[in-house]
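Compute the structure for the input listed below.
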Amino acid sequence: MDLQTLEFLLSNDGQDLIAELKTLMSDGISELRSQEILRAKYPARSVSAAVELLLLRHRARDKFSRADSMFFTRIGLEQSSSEVVSRYRAQRYKPFENVADLCTGIGGDLIALAEGRSCTAVDIDPVHLKMAEVNANVYEARPSDTVLADVKDLAFEDFEAVFIDPSRRSQDKRILDPRFGEPPLDWCLSISSRIKNIGIKTSPGLDKAIIPEGWEIEFISLRGDLKEAVLWSPSMSTAKRRATLLPGEYTLAALSVAPVVVDNPGRYILDPDPAVTRAGLVSNLAQEIDAWMIDENLAFLSSNRYLATPFAKTWEVLYSGRWGLRHLKQALIDLDAGSVDIRKRRSPIDVEQLRRKLDPVLKGTSRYMVFLTELSGNPWMFICS
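Residues are numbered from 1 along each chain as shown. A predicted model of the protein is given here:
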C-alpha cells in the first residue's frame, strides 16, 4: 500500500468502500466477485488495498482488541508486538513524561507508550508512520508528534527515554540475526552515550554473550509461546535476566545465583515455560518452588509432590526409562493409550516417524504426553499425564 492509497482509505469515500466491502463479504459474496462489483465505483488499486486490509484486520484480532478499526501492512503487522505485550512493556516508562517510539511501524507500541505522556513517533516509512498515528487514535492515545526520519539522524536531547523496535526485514526477507536489523543492534546500544533510558526489542535468539555489562535482557512469552526479548539499559534495568509470562504478568528474575541441585526423577516432572528456559532461570525456579533438576543440561525439574506454578507445566510420571521403541509401545498398551503428544529435548529421534510407528498400538481411550530426552548421557523417555 502506498501513501496515496492509504489517504484514500482514510477519506469518507474510502470508509464507504471498506463498509461496502464488509457488507458484500458478510453476505457470502466471494472476494473476487466483491472486487468486481466495487471496481465499477472505486479505483481498482483502492479496492485491492481494502480487501487486503480486511484480511489483515482479521489476522490482527489475535494481537489487538480493536483490530477491526486499525490499519496495517502485512510486514507491519508481522513485526508488531501484540497489545498485551506493548502495554506490559510500557510500564517501565511510567517515570518518564517525554519519550520517543523509534521505528514505530504500525504503532503497536505507540498505543501504550502514548497514553498519559508526551510521545514522539518516528519512522522512515511514511505509510507506517501515518498508520501508527491513526492506530494510536483508535486507542485514544494520540502521539505528541510524528517524525518522518531515519532514527540514526535524530537528536535525543529532547527525550527522557526511548524505545526502539528495529526492522527485521530487508527487501521482504526476514532478518534472523538481530545484530543486523535496521538500525543494527550495535547502533541501538551505542546511543546510551547520548540518552541513558533505553529499551530495545530484539529476538529471543539473541546471543546473551554480546549483551553489555549492566544491561538487562527480559524474555517475554504470551500464553506459553516465546514472543520476544527486550534489552533494558542500566538505568532501566531491574535484574540481569528476567522471564515474564503474559497475560498474567508473572515474572521471574535472576537476582542471585541459584545453586544447581540434581537428583533422579521423582513422581512429577515440570516443563518450564520457554521464557524461563531461554533466560537461564531453571535453577532459580527450582529453588523458588523447592524442586530439583534431573540433569544439569536439561530444562526439566522434578518433585515428589504436585507443584502448581505459572512458570512451568507439571506432569505426573507414569513411566520413566531408557529409550526403546519396544518398551515404549508396551508401556502405552499397558496404559490403554489412544493418542499421544510427543515432545523432545536433546533427542535425535524423528517425532513424525515415531508417531507413525506408534499408531498401530494406540487402540485405547487415554491420552498421554511422551517426553524424549537424555538423562545422564543416556537416551530417556517419560510417559506422563
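
Determine the number of other residues adjacent to the closest residue to N304 other than its chain neighbours.
Closest residue in space to N304, ignoring its immediate chain neighbours: G266 at 4.1 Å, by CB to CB, 6 or more residues apart in numbering. (C-beta placed from N, C-alpha, C; glycine too.) Counted by other CB atoms under 10 Å, the residues lying close to G266 total 16.

Which of the three states applies to G266?
coil (DSSP: H, G, I helix; E, B strand; the rest coil).

Dihedrals phi and psi, it?
Dihedral angles phi and psi of G266 (degrees, to the nearest 10) take the values phi -100, psi -160.

Let's see the pLDDT reported for it.
In the prediction, the pLDDT value recorded for G266 is 97.

Was I right to think it contacts L301?
No - taking CB atoms under 8 Å as the definition, G266 is not a contact partner of L301, at 9.5 Å.

which neighbours do the two share?
W292 (CB atoms under 8 Å, 6 or more residues apart in numbering).

returning to that earlier point: residues in contact with the residue nearest to N304?
G266 neighbours (CB under 8 Å, 6+ apart): W292, S302, S303, N304, V317.

most neighbours, which of these?
Result: S302 is most packed of those (other CB under 10 Å), 25 neighbours.

The strand or helix carrying it: partners in the sheet, and parallel or antiparallel?
Assigned by DSSP states H and E, S302 belongs to strand 301-303. Strand 301-303 pairs in its sheet with strand 268-272 (antiparallel), strand 292-293 (antiparallel), by DSSP bridges.

Adding distance to P212, write those strands out as TSV.
Formatted as TSV, the strands paired with strand 301-303 follow (distance: least, CB to CB, whole Å):
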stretch	distance to P212
strand 268-272	27
strand 292-293	29
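
tell me the most buried of these?
strand 268-272 (a mean of 22; mean count of other CB atoms under 10 Å).

burial of D350, as a residue count?
11.

what do you get for L222?
A total of 20 residues lie near L222 under the criterion other CB under 10 Å.

give the contact list for it.
Counting by CB under 8 Å, 6+ apart, L222 touches S82, V84, V85, L246, P247.

one more time with 6 Å
L246 (CB atoms under 6 Å, 6 or more residues apart in numbering).

In the stretch 51-200 of the chain, mark out all the helices, start to finish.
74-79, 83-90, 110-113, 126-138, 185-190 (DSSP state H, counting those that start in this stretch).

mind putting these in CSV, mean pLDDT and mean neighbour count included?
CSV is the format used below for the helices of the stretch 51-200 of the chain (pLDDT from 0 to 100; neighbours: other CB atoms under 10 Å):
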stretch, mean pLDDT, mean neighbour count
helix 74-79, 95, 18
helix 83-90, 97, 22
helix 110-113, 97, 28
helix 126-138, 97, 22
helix 185-190, 95, 17
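
so which of those helices comes closest to R45?
helix 126-138 (13.6 Å; CB to CB).

quick one: contacts of that closest one?
Here helix 126-138 has contacts from 1, 3, 6, 66, 69-71, 76, 104-107, 110-111, 114, 121, 123, 143, 146, 148, using CB under 6 Å, 6+ apart.

Counting neighbours, which of those end up buried?
Buried members of those, scored by 16 or more other CB atoms under 10 Å, are 1, 6, 70-71, 76, 104-107, 110-111, 114, 121, 123, 143, 146.

Now the helices of the stretch 51-200 of the chain in CSV, please, with extra columns for distance to E20.
Putting the helices of the stretch 51-200 of the chain into CSV (distance: least, CB to CB, whole Å) gives the following:
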stretch, distance to E20
helix 74-79, 23
helix 83-90, 28
helix 110-113, 28
helix 126-138, 20
helix 185-190, 44
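
so which of the ones you listed comes closest to D341?
helix 83-90 (26.1 Å).

So what's the gap between that closest one and the chain middle?
Relative to its chain's centre, helix 83-90 lies at 11 Å (CA atoms, centre = their mean, to the nearest Å).

Which neighbouring elements make contact with it?
Packing partners of helix 83-90 (3 or more CB pairs under 6 Å, 6 or more residues apart in numbering; DSSP states H and E): helix 110-113.

Need the nearest residue in space to R59, chain neighbours excluded.
L77 (6.6 Å).

Going by residue numbers, what spans are strands in the stretch 151-300 of the chain?
Per DSSP state E, counting those that start in this stretch, the stretch 151-300 of the chain carries strands over the ranges 161-164, 169-170, 173-174, 197-202, 216-222, 225-232, 241-246, 250-253, 268-272, 292-293.

Out of those, indicate the one that is most buried.
Mean neighbour counts for those (mean count of other CB under 10 Å) peak at strand 161-164, with a mean of 25.

counting contacts, what elements does it pack onto?
Partner elements for strand 161-164 (3+ CB pairs under 6 Å, 6+ apart): strand 98-102, strand 197-202.

Could you tell me which strands that strand is paired with, and in which direction each runs?
Strand 161-164 pairs in its sheet with strand 98-102 (parallel), strand 197-202 (parallel), by DSSP bridges.
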